[in-house]
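Engineer: below: sequence and its predicted model.
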Amino acid sequence: MQQIKIGSIYALLAFAIALTSCSKSDSSNVSVGQIQVGQAVSASTPLSGAIKGTMLTGETYTINGDVTINAGDTLLIQKGVTVKVNNAAAIVVKGTFVSLGTKDAPVTITDPSRTKTTGSSTATSDSAYAGGWSGIYCDKTCPLLVIKWTHLDFSGAGIQSIPFTGPSVGDQYCIYFGNPNGNFILEDSWIYGTPDDAVRFYGGHVNIMRNTLEKCGGTGGDGFNAKGGTQGNMAYNLIIGGATNGTKSANDGGIQPQCMIAMYNNTYVNDGYRNAGTFGARGGSVEVENNSRALVYNNLIVNCRFGVRIAGGNNVTAKVYLADTTGPHTGDPIAQTMYGHNFYYADDVTLANQFLPTNIAQAVVTHPQASDVPDMATFLGASYTFGMQYDGTSLVSKNDPLFVNYPLPNKNYQTQASVDSYNFHLQATSPAVGRGYQSFTPISNVPVDANFGSSGITGPGKDLGCYQLDGTGNQH
């Protein structure tokens, strides 16, 4: 086993950051030797307080109180480790946190008192939305958060004391990242059950790829919610049964640089039904709002409450403000908000009526796209003005994406919030196959490294959604 001293981590990081402008095709299955940082963490007694070093393969660790990775320290978790977190404890990261599970031996961080369930799921009946352990909270001093092939189950209990400036007591996220100058890589992992956002970003260079989110958000909350200071990619994720949006960009917080997110080749299923707020003031798949920019391409959106929603109002009550649709701004990671080549399916007219979100509680500026499935530009005609209501009756149960194993029509869309035994890969005859738009470039702003960076910035796929017929994309 290779051992690396903590001081050497930063030399590695410097090398990795030099590769920031590089990108690779999907390399999530690259096999690398395990490494060790500092001393082994003992699994013999429950953990709390300051922690650093390496959690070793095959060990089971117990956390009974908040643990902190101090600035300048590193905690590395090797493959196959299980971490049981009791007493609603939080993992506070002021230094570096790296979890290196593999496909064959993932890491698991969980509340051991909770058990996953299948079938119908509601906010009142399923403890997944109550939160068990408090989550991972990363300070402005955290230079690097890397999570690969890791199960993050039953998080979001609500932090009990403010760990640093930014979060508030009671916040209920699985992951909070707050360093605009830091790097955050979440790849090939699973988040199961949160009361609020699965991931809340207040800054950072991010690559969020090939993950699966289930049962995220009790009566509100998004899957991936990027605020001001955040730039990067959200791609090849499967997001099922989220309370509100699967992916969102919003320039909240007054943090620079401007929030810019490339959201592509995601699969959104049954999202948007547990939000208890004003109908029409939030979305159900993709949301771009509050002076943020986004690229939104190649997404597969099935039985979600709203389609791609480009917010257009300044409704103070709803706290949703105009997306940045200006430009092009030459030289920026995203020159201008652009979207298209997205695929929609609905089993109810109320959903088909929102393939193109309309002005209900607030104005929207989502234009119909001829490249979408269905072709909303042709369906609505030249006289259509964005935001107008329309009759989508003829679109109901049309354009079945032909998943390998998920029967459509399916009227259980409001309560089926987990993957269970279903298979959301595409059949070879799917109308989503071969329709991917590939003439855009993802944001490449994170280090590419087998251990201390991204496994690779996967570019846009040939097929729509997170699963590609050639085996690339999401690996779950």
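Structural biologist: Everything's here; your move. Residues are numbered from 1 along each chain as shown.
Engineer: which residues in the stretch 51-200 of the chain form strands?
Structural biologist: 53-55, 60-69, 74-77, 82-85, 90-93, 96-100, 107-110, 135-138, 144-148, 150-153, 175-177, 183-187, 190-194, 199-201 (DSSP state E, counting those that start in this stretch).
Engineer: that should have said the stretch 351-476 of the chain, apologies.
Structural biologist: According to DSSP E, counting those that start in this stretch, the strands that the stretch 351-476 of the chain contains are 403-405, 423-426.
Engineer: of those, flag the one that's most buried.
Structural biologist: strand 423-426 (a mean of 20; mean count of other CB atoms under 10 Å). Heads up, the C-betas are built off the backbone N, CA and C, glycines and all.
Engineer: partner strands of it and their direction?
Structural biologist: strand 403-405 (antiparallel) (DSSP bridges).
Engineer: low-scoring stretches of the protein, by residue?
Structural biologist: 1-32, 313-320 (pLDDT under 70).
Engineer: residue at max distance from the center of it?
Structural biologist: S383 (36.3 Å; CA atoms, centre = their mean).
Engineer: re earlier: between the strands of the stretch 51-200 of the chain, which one is nearest to V396?
Structural biologist: Closest approach to V396 among those (CB to CB): strand 190-194, 30.8 Å.
Engineer: and the closest one, what other elements does it pack with?
Structural biologist: strand 150-153, strand 212-216 (3 or more CB pairs under 8 Å, 6 or more residues apart in numbering; DSSP states H and E).
Engineer: same thing but 10 Å
Structural biologist: If you count contacts as 3 or more CB pairs under 10 Å, 6 or more residues apart in numbering; DSSP states H and E, strand 190-194 packs onto strand 107-110, strand 150-153, strand 212-216.
Engineer: looking at these, which is buried most?
Structural biologist: Buried most deeply of those, by mean count of other CB under 10 Å, is strand 212-216, with a mean of 28.
Engineer: what lines up beside it in the sheet?
Structural biologist: Assessed with DSSP bridges, strand 212-216 is paired to strand 190-194 (parallel), strand 238-240 (parallel).
Engineer: how far does it sit from its chain's centre?
Structural biologist: Relative to its parent chain, strand 212-216 has a centroid offset of 9 Å by CA atoms, centre = their mean, to the nearest Å.
Engineer: now do the helices in the protein.
Structural biologist: Assigned by DSSP state H, the chain shows helices spanning 6-17, 349-352, 376-380.
Engineer: is it true that T458 touches M234?
Structural biologist: No. T458 is beyond contact range of M234, at 11.7 Å (criterion: CB atoms under 10 Å).
Engineer: okay, and the common contacts of the two?
Structural biologist: 207, 209, 264-265 (CB atoms under 10 Å, 6 or more residues apart in numbering).
Engineer: let's see if you can find the most crowded of those.
Structural biologist: Tallying neighbours with other CB atoms under 10 Å puts N265 at the head of those, with 34 neighbours.
Engineer: roughly how far apart are it and K248?
Structural biologist: 17 Å (CB to CB, to the nearest Å).
Engineer: was I right about P112 contacting A89?
Structural biologist: No. Between P112 and A89 there is no contact under CB under 10 Å: 12.0 Å.
Engineer: which one's more surrounded, the two?
Structural biologist: A89 (24 against 16).
Engineer: Q362 versus the more buried one, what's the distance?
Structural biologist: For A89, the distance to Q362 - CB to CB - is 39 Å.
Engineer: G436 too?
Structural biologist: Applying CB to CB to G436 and Q362 gives a distance of 31 Å.
Engineer: more neighbours: which of these two?
Structural biologist: Q362 (22 against 18).
Engineer: in this structure that one contacts A311, no?
Structural biologist: Yes. The pair Q362 / A311 is scored as a contact, 7.0 Å apart, by CB under 10 Å.
Engineer: ok, the shared contacts of T458 and M234 vs I162, which is closest?
Structural biologist: N207 (28.2 Å).
Engineer: coming back round to it: from the shared contacts of T458 and M234, pick the one nearest A128.
Structural biologist: Nearest to A128 among those is M209, at 23.6 Å by CB to CB.
Engineer: test my guess that the closest one contacts I443.
Structural biologist: No. The criterion here is CB under 10 Å, and M209 misses it with I443 at 11.6 Å.
Engineer: common neighbours of those two, please.
Structural biologist: By CB under 10 Å, 6+ apart, the residues touching both M209 and I443 are 232-233, 457.
Engineer: could the residues you listed go into TSV alongside distance to Q468 and neighbour count?
Structural biologist: Formatted as TSV, the shared contacts of M209 and I443 follow (distance: CB to CB, whole Å; neighbours: other CB atoms under 10 Å):
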residue	distance to Q468	neighbour count
G232	21	28
N233	16	26
I457	15	24
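Engineer: any chance of those in JSON lines, plus distance to N423?
Structural biologist: Output for those, formatted as JSON lines (distance: CB to CB, whole Å):
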{"residue": "G232", "distance to N423": "29"}
{"residue": "N233", "distance to N423": "25"}
{"residue": "I457", "distance to N423": "26"}
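Engineer: just the closest of these to S397, please.
Structural biologist: Among these, and counting by CB to CB, the member closest to S397 is N233, at 32.2 Å.
Engineer: rewinding a little: wait, which of the strands of the stretch 51-200 of the chain is closest to N298?
Structural biologist: Across those, closest to N298 is strand 183-187 (CB to CB), at 18.3 Å.
Engineer: what's the distance between I255 and P180?
Structural biologist: For I255 relative to P180 (CB to CB), the value is 6 Å.
Engineer: could you name every residue contacting both of the two?
Structural biologist: With CB under 10 Å, 6+ apart, I255 and P180 have common neighbours 201-204, 227-230.
Engineer: how near is the residue lying closest to A346 once chain neighbours are set aside to S397?
Structural biologist: The shortest distance from A346 to any non-neighbouring residue, by CB to CB, 6 or more residues apart in numbering, is to A352 (4.3 Å). Remark: distance between A352 and S397 (CB to CB) = 9 Å.
Engineer: once you drop chain neighbours, what's closest to G327?
Structural biologist: Q336 (3.4 Å).
Engineer: surely Q438 touches G459?
Structural biologist: Yes. Judged on CB under 10 Å, Q438 makes contact with G459 at a distance of 7.0 Å.
Engineer: between these two, tell me which one has more neighbours.
Structural biologist: G459 (19 against 13).
Engineer: so how far is D104 from K84?
Structural biologist: 21 Å.
Engineer: for the two, work out which one has more neighbours and name it.
Structural biologist: K84 (17 against 10).
Engineer: distance of that one relative to Q362?
Structural biologist: For K84, the distance to Q362 - CB to CB - is 43 Å.
Engineer: ok, N445 next?
Structural biologist: N445 is 31 Å from Q362, by CB to CB.
Engineer: dump the shared contacts of I255 and P180 to JSON lines, plus neighbour count and distance to G217.
Structural biologist: Shown next, in JSON lines, are the shared contacts of I255 and P180 (neighbours: other CB atoms under 10 Å; distance: CB to CB, whole Å):
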{"residue": "F201", "neighbour count": "32", "distance to G217": "16"}
{"residue": "Y202", "neighbour count": "23", "distance to G217": "18"}
{"residue": "G203", "neighbour count": "26", "distance to G217": "22"}
{"residue": "G204", "neighbour count": "28", "distance to G217": "21"}
{"residue": "K227", "neighbour count": "24", "distance to G217": "16"}
{"residue": "G228", "neighbour count": "22", "distance to G217": "21"}
{"residue": "G229", "neighbour count": "25", "distance to G217": "23"}
{"residue": "T230", "neighbour count": "29", "distance to G217": "19"}
